[in-house]
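1. heads up, no residue letters with this:
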């Protein structure tokens with residue numbers, strides 16, 4: 001049986017910052033590109049990961065993606 005990983009809040013926040021740094025955009029910029037239908041594949045993946053992190057942090061998740 002596999003190991004279950006339970007990230008801490010701090011780890012999730014750090015992961016979110018790393019995703020945004022790798023994308024070179026802020027979250028609002030990513031969401032604006034999504035609204036305009038201009039996301040690359042990597043940006044779509046990044047935004048999807050951000051939505052998962054927001055869910056785990058019990059934050060509101062955008063319906064963009």
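-> That came through fine. Every value quoted in this text rests on a predicted model; they were computed, and no experiment measured them.

2. Tell me where the model's unsure across this structure.
-> 61-65 (pLDDT under 70).

3. how does it look with 80?
-> Scanning the chain with the threshold set as pLDDT under 80 gives 1, 60-65.

4. farthest residue from the center of it?
-> residue 1 (28.0 Å; Cα atoms, centre = their mean).

5. gap between it and residue 15?
-> 25 Å (Cβ to Cβ, to the nearest Å). C-beta coordinates here come from the backbone N, C-alpha and C atoms, glycine included.

6. Enumerate every residue touching the most centrally placed residue in the chain.
-> Centroid-nearest residue in the chain, with Cα atoms, centre = their mean: residue 50, separated by 1.2 Å. Residue 50 sits next to 16, 19, 20, 27, 30 when contact means Cβ atoms under 8 Å, 6 or more residues apart in numbering.

7. And residue 53, by the same measure?
-> Residue 53 touches 12, 15, 16, 19, counting by Cβ under 8 Å, 6+ apart.

8. And the helix or strand containing it, what's buried?
-> According to DSSP states H and E, residue 53 maps onto helix 41-56. By neighbour count with 16 or more other Cβ atoms under 10 Å, helix 41-56 contains the buried residues 43, 46, 47, 49, 50, 51, 53, 54.
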